[in-house]
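Q: okay, predicted coordinates and the sequence, questions at the end:
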Amino acid sequence: MLAVIRFLRSNPSVRRILGLTFLIIGIIGSLFPIIPGWPGFLMAIIFLGRRDRLLRRLHLIARLVLRWLRKAPVPHVRGAGQWLSNQYVELRRAVVPHLIAFERHLDGPNPL
């Protein structure tokens with residue numbers, strides 16, 4: 001594990017390629033019900049970092065879509081939007097502290 005972390009610290013282009021690959025896997029997994037999309041998104045966030053411009057824009061788009069769903073004129077869509085928004089908030093509260101801790105471990109000072 002230490003060798004992998006050392007390799008990823010020294011090769012940011014490999015981290016970017018892996019992050020984009022997992023982002024594509026996450027998007028495909030979100031579109032098709034066979035593959036779950038969240039592991040791909042989680043790995044993409046880990047490899048790219050929370051401050052990546054592409055991830056921040058995708059996050060903004062997702063929040064705008066959730067807001068649109070919550071304010072939809074159709075009651076069923078509005079209910080689904082409210083449920084999805086609640087799920088998003090719960091997942092974000094559960095995952096973000098762990099992502100921050102792992103990111104600090106991966107990008108932190110090199111004691112190796």
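A: Nice, thanks for sending it over. The structure presented is a predicted model; accordingly, all values stated were derived computationally and were not measured. Numbering: from 1, shown residues only.
Q: what's the least confident helix or strand in this structure, going by average pLDDT?
A: For the chain, using mean pLDDT, DSSP states H and E, the weakest element among its helices and strands is helix 2-10, scoring a mean of 73.
Q: what packs against that one?
A: helix 12-31, helix 75-107 (3 or more C-beta pairs under 8 Å, 6 or more residues apart in numbering; DSSP states H and E). In this view, the C-beta of every residue, glycine as well, is placed from N, C-alpha and C.
Q: pull it out as CSV, backbone CA atoms only.
A: Extracted in CSV, the C-alpha atoms of helix 2-10 (Å, rounded to 0.1, in the frame of the first residue of the first chain):
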residue,chain,number,x,y,z
LEU,A,2,2.8,2.4,0.8
ALA,A,3,4.4,1.7,-2.6
VAL,A,4,1.1,2.6,-4.3
ILE,A,5,0.7,5.8,-2.4
ARG,A,6,4.3,6.7,-3.1
PHE,A,7,3.8,6.0,-6.8
LEU,A,8,0.6,8.1,-7.0
ARG,A,9,2.3,11.0,-5.2
SER,A,10,5.1,11.0,-7.7
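Q: how far is it from where the chain is centred?
A: How far helix 2-10 lies from its chain's middle: 21 Å, per C-alpha atoms, centre = their mean, to the nearest Å.
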